[in-house]
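**Student:** Using only what follows, build the 3D model:
(one chain, ligands or ions: 1)
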Amino acid sequence: MLTQLSKGQLEITYLATLETLNNTENQEDKEVKNGLNEYKKTLPSKYFYDARGSELFEQICELPEYYPTRTEASILQQYAKEISEITGACELVELGSGSSTKTRLLLDAYQTKEELCKYVPIDVSESILKDSAIQLQKDYPSLQIQGLVGTYNQALTQLKATSLPARMIFFLGSSIGNFSPYDCDIFLNKITEVLEIGDYFLLGIDLQKPQSILEAAYNDSQGVTAAFNLNMLSHLNKKYQGNFDLNLFAHQAIYNTEKNQIEMYLISQQIQVVNLKNLDLTVKLEKNEMILTEISRKFNVDQVKKELETKGLKTIKIFTDPQNWFGLILCQVIE
Ligand code: AVI
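**Tutor:** Numbers count the residues shown, from 1 in each chain. Predicted structure coming up:
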């Protein structure tokens, strides 16, 4: 059952029922247990994002070494109008909308259109979605906002037919880089399943570049990314009554040149035993043993273009910055 909060032009729908939440929890428990029991230990990246983690991520986006956010913003600044002219009036659906900061650049461009624009932000975090939707409603009084609180999958399945001439789903920040190739494939299948012929997909991708630039972006000199990575352990301590000692782990991000991906690790500084009471789990870590907490893939535009094409998504235009560090691919569903 869906619950709704409706106020004038703003409507927020909660997609997760108690039942789905419980199932997800069991699934989540398994992911953490399995990850820590593997020979090469891993932890799911979603545990970065508790309230503190989301705050730290906002700080990362402002760091001098972390170029993706401001580079993508500069591309949007320059090309949002052109994007809106190519697509014409359409319903804007944003995956992982967060604070919707960069979205404003697109909304500004679409607001100048005659027809009323509709914005559908999708995020798992109820508080962030609600706060930013309320703020957006104040700043864009004629904008219709229909927020969906839930996972991408839940939300994409719930999209209703749009009364506007087309729909554009957009996924910014190179968040697609945090998916494994397998998950990326499933995700793109879902996108094409939801979109109709003539609809658009706008995808932000971080591009391949020298290793030194990439490693600096994920090992920043102020230690914010380290705090972000370590915060995952605090989050797990709270969730599972665990006893990870943050002082006994170090952060490191390494660029894997074969896989073209940044890999973020938490490295055990000594032999230690960790308990997660609520999972009934005891884990032994060797000195220097690494736990993989995130991959961030870096892309080649032509390869992504080809992959999108295999899904029936034809690239209409690629927008990039003068250094070719970040790309925005605008594609359209073709017959
Ligand atoms: C959210 N995601 C696109 C970020 C990235 O760059 O992969 C997460 C991040 N991890 C460390 N710094 C930023």
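
**Student:** buried sites along stretch 285-298?
**Tutor:** 285, 289, 290, 291, 292, 293, 294, 295, 296, 297, 298 (16 or more other Cβ atoms under 10 Å). For glycine as for every other residue, the C-beta is placed from the backbone atoms N, C-alpha and C.

**Student:** what about that stretch, average pLDDT?
**Tutor:** What stretch 285-298 shows for mean pLDDT is 98.

**Student:** near the ligand, which residues of this protein?
**Tutor:** 60, 68, 173, 174, 175, 177, 178, 218, 225, 294, 296 (Cβ under 6 Å from any ligand atom).

**Student:** Select, from the residues you listed, the two members most distant in space.
**Tutor:** The largest separation in these, counting by Cβ to Cβ, is between 175 and 225 at 16.1 Å.

**Student:** Looking at those two, which is more packed in?
**Tutor:** Using other Cβ atoms under 10 Å as the criterion, residue 175 and residue 225 rank with residue 225 on top: 24 against 17.

**Student:** tell me the pLDDT at that one?
**Tutor:** At residue 225, the pLDDT value in this model is 98.

**Student:** Show me the shaky parts of the stretch 1-150 of the chain.
**Tutor:** 1-8, 16-23, 113-116 (pLDDT under 70).

**Student:** Let me see the ranges of the strands in it.
**Tutor:** 3-7, 10-14, 91-95, 118-123, 144-149 (DSSP state E, counting those that start in this stretch).

**Student:** partner strands of the third one, parallel or antiparallel?
**Tutor:** When pairing is defined by DSSP bridges, strand 91-95 lines up against strand 118-123 (parallel), strand 167-171 (parallel).

**Student:** now the shortest one, how far from the centre of its chain.
**Tutor:** Relative to its chain's centre, strand 167-171 lies at 14 Å (Cα atoms, centre = their mean, to the nearest Å).

**Student:** After it, which helix or strand is next? Please name it.
**Tutor:** Downstream of strand 167-171, the first helix or strand assigned by DSSP states H and E is helix 181-194.

**Student:** just so I have it, where are all the helices in the stretch 201-335 of the chain?
**Tutor:** Per DSSP state H, counting those that start in this stretch, the stretch 201-335 of the chain carries helices over the ranges 211-218, 224-240, 301-310.

**Student:** thinking again about what came up before, mind putting the residues of the chain next to the ligand into a markdown table with distance to residue 98?
**Tutor:** Shown next, in a markdown table, are the residues of the chain next to the ligand (distance: Cβ to Cβ, whole Å):
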| residue | distance to residue 98 |
| --- | --- |
| 60 | 12 |
| 68 | 14 |
| 173 | 8 |
| 174 | 13 |
| 175 | 9 |
| 177 | 16 |
| 178 | 13 |
| 218 | 19 |
| 225 | 17 |
| 294 | 17 |
| 296 | 16 |
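
**Student:** ok, so of those, who is nearest the ligand?
**Tutor:** residue 296 (3.3 Å; Cβ to the nearest ligand atom).

**Student:** Now do the contacts for the residue lying closest to that closest one once chain neighbours are set aside.
**Tutor:** Ranked by Cβ to Cβ, 6 or more residues apart in numbering and with sequence neighbours excluded, the top spatial neighbour of residue 296 is residue 262, at 4.2 Å. Residue 262 sits next to 214, 215, 217, 218, 253, 254, 255, 256, 294, 295, 296, 298 when contact means Cβ atoms under 8 Å, 6 or more residues apart in numbering.

**Student:** Can you get me a residue count around residue 281?
**Tutor:** When neighbours are counted by other Cβ under 10 Å, residue 281 comes out with 16.

**Student:** so how far is the ligand from it?
**Tutor:** 25 Å (Cβ to the nearest ligand atom, to the nearest Å).

**Student:** Quickly list what that residue is bridged to.
**Tutor:** Under the criterion used (DSSP bridges), residue 281 bridges to residue 276.

**Student:** circling back to that earlier point, so which of the strands of the stretch 1-150 of the chain is nearest residue 49?
**Tutor:** strand 118-123 (10.2 Å).

**Student:** Give me the contact list for the closest one.
**Tutor:** Contacts of strand 118-123 (Cβ under 8 Å, 6+ apart): 91-98, 100, 103, 107, 129, 132-133, 136, 143-150, 152, 155-156, 159, 162, 164.

**Student:** From those, keep the buried residues only.
**Tutor:** Buried among these (16+ other Cβ under 10 Å): 91-98, 100, 103, 107, 129, 132-133, 136, 143-150, 152, 155-156, 159, 164.
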